[in-house]
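[1] would you be able to build a 3D model of this:
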Amino acid sequence: MSRAERPKLRIIEGDRWRDHPTYSQVYASDWRDLCAFLRARFGPGPPEPEDIAQQAFFNLGEQSAGRALQSPRAFVFRVAINLMLDGRRSLSRAHRAIDVSEPILRADDDPDVERALIAKEQMRLLESVVTGLPDRHRLYLAANRLDGMSFTAIAKHFGVSPSLVRKTIDEATAVCQRALATGTIDYRGLSRERNRQS
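    Sure, this is the predicted structure:
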């Protein structure tokens, strides 16, 4: 698809970018390009290019209608590059923390009690959110976030399309993020099972 043919998103007031039908067209036209670009620039991962691309499109979908974007494609590419760099930095810090020759914490350091309590409370909240998710959302989210499976691997394992896996994990992630941001559980926005087995 040429640059001139790429759809521009026109959003009505109060919508998110993901609520407009053109968002799906942008996703379909740029998804493979973004994955190929990330794989060529950063390699196969970790983090996996497909997961980073998914998060970049999720971020685009979460943008408010009031935000004017000249090019949704440029937006997701820039976000994906930043996410990949952040992911690489986090992995590097984790590897350094595990390296015994470079200890990060000393045995006599006092833990930050307030942070520990907040983290515990957030974990309890997330456990409640995940427990209340529909089976498909819970299974796909666990496979991706806990077992480290890519969207393609999950789709193959459950015998469904990768786009269904992406959509389901996006929805479950949005519920978790909303719960952490507001402190309340709100399952709005989850698609129904519609007699699917997975």
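[2] all contacts plus neighbour counts: C-alpha atoms, from now on.
    OK.
[3] look up how far L139 lies from L38.
    Going from L38 to L139 by C-alpha to C-alpha, to the nearest Å gives 27 Å.
[4] tell me which helix or strand of the chain sits lowest on mean pLDDT?
    Counting by mean pLDDT, DSSP states H and E, the chain has its least confident helix or strand at helix 72-98, which shows a mean of 77.
[5] what does the very next helix or strand once past that helix contact?
    Once the chain leaves helix 72-98, the next helix or strand it forms, by DSSP states H and E, is helix 113-132. Helix 113-132 is contacted by residues R138, V175, C176, A179, L180, G183, I185 when judged by C-alpha atoms under 8 Å, 6 or more residues apart in numbering.
[6] try it again with 10 Å
    Where contact means C-alpha atoms under 10 Å, 6 or more residues apart in numbering, the residues beyond helix 113-132 that reach it are 137-139, 141-142, 172-173, 175-177, 179-180, 183-187.
[7] mind listing what's buried along that helix?
    L125, L126, V129, V130 (16 or more other C-alpha atoms under 10 Å).
[8] for the record, mean pLDDT for it?
    The average pLDDT for helix 113-132 rounds to 80.
[9] next one: that helix to chain centre, how far?
    19 Å (C-alpha atoms, centre = their mean, to the nearest Å).
[10] nearest spatial neighbour of S64, chain-adjacent residues omitted?
    Of all residues not flanking S64 in the chain, R16 sits nearest, at 4.7 Å (C-alpha to C-alpha, 6 or more residues apart in numbering).
[11] that neighbour and I81: what is the separation?
    Taken as C-alpha to C-alpha, the span from R16 to I81 is 22 Å.
[12] and for K156?
    Plainly put, K156 is 27 Å away from I81 if you go by C-alpha to C-alpha.
[13] what's the answer for V165, then?
    To I81, V165 is 23 Å away according to C-alpha to C-alpha.
[14] who's more crowded, the two?
    V165 (25 against 20; other C-alpha atoms under 10 Å).
[15] now name the helix or strand holding the more buried one.
    Element membership for V165 (DSSP H and E) is helix 162-182.
[16] I'd like to know which elements whichever strand or helix holds Y23 is packed against.
    Element membership of Y23, judged by DSSP H and E, is helix 22-42. Applying 3 or more C-alpha pairs under 10 Å, 6 or more residues apart in numbering; DSSP states H and E, one finds that helix 22-42 contacts helix 49-62, helix 72-98.
[17] now do the first one against helix 22-42, angle only.
    By that I understand helix 49-62. 140 degrees (axes from the mean of the first three to the mean of the last three C-alpha atoms, to 10 degrees).
[18] let's see helix 49-62 as PDB, backbone CA atoms only.
    This file holds the C-alpha atoms of helix 49-62, laid out as PDB (Å, rounded to 0.1, in the frame of the first residue of the first chain):
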ATOM      1  CA  PRO A  49       9.200  -8.000  17.900                       C
ATOM      2  CA  GLU A  50       5.500  -9.200  17.600                       C
ATOM      3  CA  ASP A  51       4.900  -8.500  21.200                       C
ATOM      4  CA  ILE A  52       6.400  -5.000  21.000                       C
ATOM      5  CA  ALA A  53       4.500  -4.300  17.800                       C
ATOM      6  CA  GLN A  54       1.300  -5.300  19.600                       C
ATOM      7  CA  GLN A  55       2.000  -3.000  22.500                       C
ATOM      8  CA  ALA A  56       2.700  -0.100  20.100                       C
ATOM      9  CA  PHE A  57      -0.700  -0.600  18.400                       C
ATOM     10  CA  PHE A  58      -2.300  -0.900  21.800                       C
ATOM     11  CA  ASN A  59      -0.800   2.500  22.700                       C
ATOM     12  CA  LEU A  60      -2.100   4.000  19.400                       C
ATOM     13  CA  GLY A  61      -5.600   2.600  20.200                       C
ATOM     14  CA  GLU A  62      -5.500   4.100  23.700                       C
END
